[in-house]
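Undergrad: Quick check, what structure comes out for this input:
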Amino acid sequence: MITECREKGRKRRRKRRREEEKEEEEEEKEGEKWRGKNGREEGGRGGEMERKEGREEIERRRRNGKERREEK
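TA: From the prediction side, this is the model:
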C-alpha cells in the first residue's frame, strides 16, 4: 500500500517535470524566432535598428505611392 502511493507520487512528479521541460523548450524556440539579425532579442540595439530601418522603408513606400497617385 505504501509503496503504491510512493510510486504514484513519483509518476506524478516525473510527469510534471516532463511537462515543465517541454514548456521551457517551447519558450526557448519562440524566443529564437523573435531574435534580431545579430542574435539579440528585440528591444536590444540590433532589434531597435531593424525597427528603425523598417519604419524608414514604410515611410519611403508611402511617399512613393502618394507621388504616383499625384502623377495620375
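Undergrad: State the mean pLDDT of the strand or helix carrying R12.
TA: Following DSSP states H and E, one finds R12 within helix 2-33. For helix 2-33, mean pLDDT rounds to 87.
Undergrad: For it, which helices and strands make contact with it?
TA: Under the contact definition 3 or more CB pairs under 8 Å, 6 or more residues apart in numbering; DSSP states H and E, helix 2-33 sits against no other helix or strand. All C-beta spots, glycine's among them, are computed from the backbone N, C-alpha and C.
Undergrad: quick one: buried residues of it?
TA: Using 16 or more other CB atoms under 10 Å as the test for burial, helix 2-33 gives no buried residues.
Undergrad: Could you number the chain from 56 rather than 1 from now on?
TA: Noted, 56 is the first residue going forward, which turns the last one into helix 57-88.
Undergrad: Next, count neighbours for R123.
TA: If you count neighbours by other CB atoms under 10 Å, R123 ends up with 9.
Undergrad: what about it, distance to K77?
TA: Noted for R123: a distance of 51 Å to K77, by CB to CB, to the nearest Å.
Undergrad: what's around I113, how many residues?
TA: Neighbours of I113 under the rule other CB under 10 Å: 10.
Undergrad: ditto for the one 5 residues further on
TA: Neighbours of R118 under the rule other CB under 10 Å: 10.
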